[in-house]
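K.L.:
Take a look and give me a structure for this.
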Amino acid sequence: MRIEGRARVDKRTKDLTKRLEPGEIAIINHSDLDQVSAESLLEKKVAAVVNATTFNSGRYPNTGPLLLSVAGITLIDNVGSEVFDRVQEGDVIEIEDNNVSKGGKLVARGLRLDSAQIQAAMDKSRLSLTDEIEKFAVNTLDHVRREKDSYLGDLKLPPINTKFSGRHTLVVVRGYNYKADLVTLRSYIRDMRPILIGVDGGADALLDERLEPDLIVGDMDSVSDKALKSGAELICHAYTDGRAPGKDRLDEMGLECKLAQAGGTSEDIALLIAYQMGAELIVAVGTHGNLIEFLDKGREGMASTFLARLKVGDRLVEAKGVNQLYRSSPKMSHLLILIFAALTTISVVILKAPPIRLFVNTVFVKLKLFVGW
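P.N.:
Below is the predicted model of the structure:
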């Protein structure tokens, strides 16, 4: 099968997906492609994905490649970093078998993967998962010892204008199934009107549901310009050494932000902000909580997440996966009741209208005379 399309080239997959158009070919450098990145590629209706490195290194069973393959997207594995020198953004390239060509000239060769090969690699990687769990646990405990002091006290927060006290807060993170979970929570959001916090790309998920984020917290690297200009209060995550890479982007855009300096992840910071500012209940969507999700994020431990959740305690409700908990379907009895109620309402309206009532009475009288009553 031969595929031809315009190439989009970037070593950072989340930057590349912002530029992708349907039918184009993504050239990436993403070892152990994670599920969230794969879902972003799917949403863009990409024709094929060419990876300079390997889709599955064997460390753990990442699901991203299988998700793409099952959807019918062509995957070319491990073509080498030279592809970034030979293919430029916007070049028209062709994929046939294991080969990537431009203008009839071979520019890269890898391995064309199918679902069976990907599944076999995932099964094999599960055998090494025990070693990963051990390393992950050791790293987590080591970081807990070193980071605990920064989490036992309050964060040093800048003045925040949004009033949290006594209100629910919904924190949306760009994690597994975050969009589907957010859709499921529509009625909760409508009824409770919680404060809405988007963690980086989580802010775009809120906008997609026609919801305006009150705060955007994060490194500001995977959130769109549209979200940043939505009027939300911007809290830029600064690391313990004072670095705040996201601030440079906001400065270039002429947007004001406040810095929250702390270790850990941006989603941890968002939860702690809501807690420290007095939120009555914190509902989290898309947060990371298991080994595979943390490995997908490239993290070797979860100390900050563990400590943040210990501190937030029973104020936190994890809404992760809520879309799979219950799916209602209309029943025939409900439909019949609806039809009966509609017919009854229409009948009452018709009979109460004077002209229609007079017409019905006239017809009834004529019918009586006709049959001789």
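
K.L.:
drop to CA atoms for contacts and neighbour counts, all remaining ones
P.N.:
Will do.

K.L.:
pLDDT below threshold where in this protein?
P.N.:
The chain contains residues with pLDDT under 70 at 140, 143-144, 146-153, 289-303, 324-373.

K.L.:
ok, residue 1 - how many residues close by?
P.N.:
6 (other CA atoms under 10 Å).

K.L.:
Now do the domain split for the chain, please.
P.N.:
2-126, 129-324, 332-371 (automatic domain parsing).

K.L.:
Now do the longest one: distance to the chain's middle.
P.N.:
The gap between the average C-alpha position of domain 129-324 and the chain average comes to 13 Å, counting by CA atoms, centre = their mean, to the nearest Å.

K.L.:
any chance of the domains of the chain in CSV, with mean neighbour count too?
P.N.:
CSV is the format used below for the domains of the chain (neighbours: other CA atoms under 10 Å):
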stretch, mean neighbour count
domain 2-126, 19
domain 129-324, 18
domain 332-371, 11
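
K.L.:
quick one, phi/psi of residue 137?
P.N.:
Backbone torsions of residue 137, given as degrees, to the nearest 10, read phi -70, psi -40.

K.L.:
Kindly apply the preceding question to residue 243 instead.
P.N.:
According to degrees, to the nearest 10, residue 243 has phi -70, psi 140.

K.L.:
How about residue 199?
P.N.:
According to degrees, to the nearest 10, residue 199 has phi -90, psi 110.

K.L.:
So for the most centrally placed residue in the chain, what's the nearest residue that isn't a sequence neighbour?
P.N.:
In the chain, the C-alpha nearest the mean C-alpha coordinate belongs to residue 174, at 3.7 Å (CA atoms, centre = their mean). Setting aside the residues directly before and after it, residue 174 is nearest to residue 202 in space (CA to CA, 6 or more residues apart in numbering), at 5.0 Å.

K.L.:
wait, what's in contact with that neighbour?
P.N.:
172-174, 223 (CA atoms under 8 Å, 6 or more residues apart in numbering).

K.L.:
from those residues, which single one is nearest residue 283?
P.N.:
residue 172 (8.6 Å; CA to CA).

K.L.:
I'd like the distance from stretch 115-134 to the chain centre, please.
P.N.:
24 Å.

K.L.:
right, I mislabeled it, should have said stretch 50-69
P.N.:
19 Å.

K.L.:
With stretch 73-83 instead?
P.N.:
On the basis of CA atoms, centre = their mean, stretch 73-83 sits 25 Å off its chain's mean C-alpha point.

K.L.:
first to last residue in that stretch, what's the distance?
P.N.:
This stretch, stretch 73-83, spans 20 Å end to end (CA to CA, to the nearest Å).

K.L.:
got it, and stretch 259-266?
P.N.:
12 Å.

K.L.:
Please list the residues outside it that contact it.
P.N.:
Contacts of stretch 259-266 (CA under 8 Å, 6+ apart): 147, 150, 155-158, 199, 217-219, 235-240, 242, 244, 269, 303-305.

K.L.:
tell me what the longest strand along the chain is packed against?
P.N.:
As assigned by DSSP state E, the longest strand anywhere in the chain is strand 2-9. Counting contacts by 3 or more CA pairs under 8 Å, 6 or more residues apart in numbering; DSSP states H and E, strand 2-9 packs against strand 25-28, strand 92-96.

K.L.:
So in that sheet, which strands flank the first one, and in what orientation?
P.N.:
It refers to strand 25-28. According to DSSP bridges, strand 25-28 has the following sheet partners: strand 2-9 (parallel), strand 48-51 (parallel).

K.L.:
what are the phi and psi values for residue 74?
P.N.:
Dihedral angles for residue 74 - degrees, to the nearest 10 - are phi -70, psi 130.

K.L.:
which residues does it bridge with?
P.N.:
residue 48.

K.L.:
what's it in contact with, if anything?
P.N.:
47-49, 68, 112-113.

K.L.:
what ranges do the helices span in the stretch 101-250 of the chain?
P.N.:
115-126, 129-152, 178-184, 186-192, 202-208, 225-228, 245-253 (DSSP state H, counting those that start in this stretch).

K.L.:
Turn those into JSON lines, including distance to residue 319.
P.N.:
Listed next are these as JSON lines, based on distance: least, CA to CA, whole Å:
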{"stretch": "helix 115-126", "distance to residue 319": "27"}
{"stretch": "helix 129-152", "distance to residue 319": "24"}
{"stretch": "helix 178-184", "distance to residue 319": "7"}
{"stretch": "helix 186-192", "distance to residue 319": "11"}
{"stretch": "helix 202-208", "distance to residue 319": "14"}
{"stretch": "helix 225-228", "distance to residue 319": "23"}
{"stretch": "helix 245-253", "distance to residue 319": "28"}
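
K.L.:
And those helices: which comes nearest residue 23?
P.N.:
Per CA to CA, nearest to residue 23 of the helices of the stretch 101-250 of the chain: helix 115-126, 20.6 Å.

K.L.:
Tell me the helices and strands packed up against the closest one.
P.N.:
For helix 115-126, where contacts count as 3+ CA pairs under 8 Å, 6+ apart, the packed elements are helix 64-70.

K.L.:
Run through who's touching the helix it packs on.
P.N.:
By CA under 8 Å, 6+ apart, helix 64-70 touches 32-39, 42, 55-56, 74-75, 113-115, 118-119.
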